[in-house]
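Build me a model from this:
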Amino acid sequence: MATKYTLFYKRTLSTRFSQRIYQPINTLTRSLTFKVTRQNPELIPPAKPTPHEFKPLSDFDNHEGLRFQVPIIQFYRKNPSVEADPVEVIRKAIAKALVSYYPFAGRLREHAARKLAVECTGEGVMFIEADADVALEQFGDELQPPVPCLEELLYDVPGSGGIINAPLLLIQVTRLKCGGFIFSLRFNHTMSDGAGIAQFISAVGELARGAGVPSTPPVWERHLLNTSCTHHEHKDIPDIIKTVTTLNEVVRRSFLLGTNQISALRSHLPPHLRHCTTTFEILTACLWRCRTIALSPHPDEEVGILWAMNSRRLFDPPIPDGYYGNCCIHPTATTTSESLSKNPYHYAVELLRKAKLEAMADPMLIKRVSRLSFVGSYVVSDTRHLGFEDVDFGWGKAVYGGVAKGNIGFVPELFSVYMPCKNNKGENGIVVSIYLPKNAMEVFTKEFEMLVENNDNNPMLA
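Numbers count the residues shown, from 1 in each chain. Down below sits the predicted model:
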């Protein structure tokens, strides 16, 4: 199966800022063509017998907005000192890891009130062995998401993509002709958050390198995140989905930001915020404000933003080390379209910081989506610090490791993922994908340019 992809860079913001766009191959000039040969998909069960039991998921896991799959991809160079076959090494390590992570080898069942439980059947996870006649270097000097050839490097096995009664993990290991390989994984978000699945993949890496057991024993204990409070988070999901119908002719663009752009944004903050505001808050405030201006809702329209924040250390006592279920709280900031658009940039920063403090004060309060059933809704997730690039299967750390694309979530058009990247000089950056109608994207790009350029004459930064 030969697949042709093209990547190019289009300079539209400034000489310091690169906007990275993937478009159909017939509009571009430089292409990459390669063939992927896959073996038949197989199920990898645990290496030893495991209990057959039902394990209920937590209230955090049962959030309706987590019923989707997330793709992860990791690129590895050839290691001349390693002669082993990465496919065989990783296949055996997965089977060993599933002994202690045996719920992943089961299947989700749905019970009354749509509550989920995993039946630990020991059937196994879906695994694909593949070979590609392409070298790692042909993907370019700067490996960054979104990966354009993902459908070949993580094949969607028919019938494997469901949430209920389907494999909970899909894994593909693809050998490259240069001696390197690509590890791709798709996980069911109801079972784990990013930190949880990174913990599992790290355990596979440890076992692949010869460890007897994972250094961090997995902890199930989903009952720790159950609460007796009334939940409203499910009721507005259909309304949120309906808002996408207002985004006609949606296009996607990916933006790459480096330290210069983040420093420029920080420099525009007032002194009391300049040194205490995180990179996440700086970038999120920028995106939220530019996106709202681009969509131009009615001035009195409520606009909101929601994001995932790891809450493992917020509980008293803290959630045990090794917990691999969903454990993110979702701070929510809201205001009117006019207030967000007309006030200075730091107004959005202060709203985000206030929402974070309120959420941290009561992490068991689950109201994560109920207020986001309006056109101005926006959801972001920061995956830069999950550690996928640190996973070592015996060939060294990944050249790139992280989420494979930015359009994930229960409503991808309302969702942006912050993904790590490095340029050919080894400098760290952030890639963000944005979905907007075509006309709105032009406005967004213009507003974004004004914010990321160090222009003190911009009145909206005052």
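
Leaving out sequence neighbours, find the closest residue to residue 338.
residue 299 (3.7 Å; CB to CB, 6 or more residues apart in numbering). Placement of C-beta: from N, CA and C, glycine included.

quick one: low-confidence parts of the protein?
1-31, 141-142, 148, 228-248, 364-376, 409-410, 424, 454-462 (pLDDT under 70).

The same query, at a cut-off of 50, please.
1-30, 229-242, 245, 367-374, 457-462 (pLDDT under 50).

so where's the longest strand in it?
Longest strand of the chain, by residue count under DSSP state E: strand 428-437.

Quick check: residue 435 vs residue 362, distance?
32 Å (CB to CB, to the nearest Å).

Residue 415 contacts residue 408, correct?
Yes - counting by CB atoms under 8 Å, residue 408 is a contact partner of residue 415 at 6.2 Å.

Comparing these two, which residue is more hemmed in?
residue 415 (22 against 19; other CB atoms under 10 Å).

ok, and residue 264, which helix or strand is that part of?
helix 259-267 (DSSP states H and E).

Could you check how far the helix or strand just after that helix is from the centre of its chain?
Next along the chain after helix 259-267, taking DSSP H and E as the criterion, comes helix 271-274. Distance, stretch centre to chain centre, for helix 271-274: 30 Å (CA atoms, centre = their mean, to the nearest Å).

now swap in stretch 330-349 and tell me
Distance, centroid of stretch 330-349 to centroid of chain: 24 Å (CA atoms, centre = their mean).

Likewise for stretch 402-414?
7 Å.

Quote the end-to-end distance of stretch 129-139.
This stretch, stretch 129-139, spans 20 Å end to end (CA to CA, to the nearest Å).

hmm, back to that, list the strands paired with the longest strand of the chain, with their directions.
strand 250-257 (antiparallel), strand 415-422 (antiparallel) (DSSP bridges).

Pick the most buried one from those.
strand 415-422 (a mean of 23; mean count of other CB atoms under 10 Å).

Can you tell me what sits against that one?
Outside strand 415-422, the residues within contact range by CB atoms under 8 Å, 6 or more residues apart in numbering are 142-145, 256, 280, 283, 287, 378-384, 389, 400, 402-403, 405-409, 428-435.

ok, which stretches of the stretch 201-350 of the chain are strands?
In the stretch 201-350 of the chain, the strands defined using DSSP state E, counting those that start in this stretch lie at 250-257, 302-307, 309-310, 328-329, 332-336.

I'd like those strands laid out as a markdown table, including distance to residue 59.
Formatted as a markdown table, these follow (distance: least, CB to CB, whole Å):
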| stretch | distance to residue 59 |
| --- | --- |
| strand 250-257 | 32 |
| strand 302-307 | 17 |
| strand 309-310 | 17 |
| strand 328-329 | 12 |
| strand 332-336 | 17 |
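
on that earlier part again, who are the neighbours of the helix holding residue 264, in terms of helices and strands?
helix 279-295, strand 428-437, helix 438-452 (3 or more CB pairs under 8 Å, 6 or more residues apart in numbering; DSSP states H and E).

If you count neighbours, what's buried in it?
Residues of helix 259-267 classed as buried by neighbour count (16 or more other CB atoms under 10 Å): 260-262, 264-265.

Using CSV, list the CA coordinates for that helix.
Extracted C-alpha coordinates of helix 259-267, given in CSV (Å, rounded to 0.1, in the frame of the first residue of the first chain):
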residue,chain,number,x,y,z
THR,A,259,10.8,30.6,23.1
ASN,A,260,10.7,34.0,21.2
GLN,A,261,6.9,33.9,20.9
ILE,A,262,6.3,32.9,24.5
SER,A,263,8.8,35.6,25.7
ALA,A,264,7.0,38.2,23.6
LEU,A,265,3.6,37.3,25.1
ARG,A,266,5.1,37.4,28.6
SER,A,267,6.7,40.8,28.0
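
Now do residue 334 against residue 282, distance only.
Taken as CB to CB, the span from residue 334 to residue 282 is 20 Å.

neighbour count winner among the two?
residue 282 (27 against 18).

circling back to that earlier point, with respect to residue 222, which of the buried residues of helix 259-267 is nearest?
residue 262 (36.9 Å; CB to CB).

Grab the nearest non-local neighbour of the closest one.
Per CB to CB, 6+ apart, closest to residue 262 is residue 279, 5.6 Å.

State the number of residues packed around that neighbour.
17.

Am I right that it is in contact with residue 263?
No - counting by CB under 8 Å, residue 279 does not reach residue 263; the two are 10.0 Å apart.

Could you say which helix or strand holds residue 108?
Element membership for residue 108 (DSSP H and E) is strand 107-110.

mind listing what's buried in that strand?
107-108.

and residue 52, how many neighbours does it have?
11.

Now find how far off-centre stretch 325-334 is within its chain.
14 Å.

how about the CA coordinates for that stretch, as CSV?
In CSV, the C-alpha atoms belonging to stretch 325-334 read as follows (Å, rounded to 0.1, in the frame of the first residue of the first chain):
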residue,chain,number,x,y,z
GLY,A,325,-7.0,6.1,35.7
ASN,A,326,-8.3,9.5,34.8
CYS,A,327,-7.4,12.0,37.4
CYS,A,328,-7.7,15.4,35.8
ILE,A,329,-9.8,18.2,37.1
HIS,A,330,-11.2,20.6,34.5
PRO,A,331,-11.0,24.3,35.4
THR,A,332,-13.5,26.4,33.5
ALA,A,333,-13.3,30.2,32.7
THR,A,334,-16.2,32.1,31.3
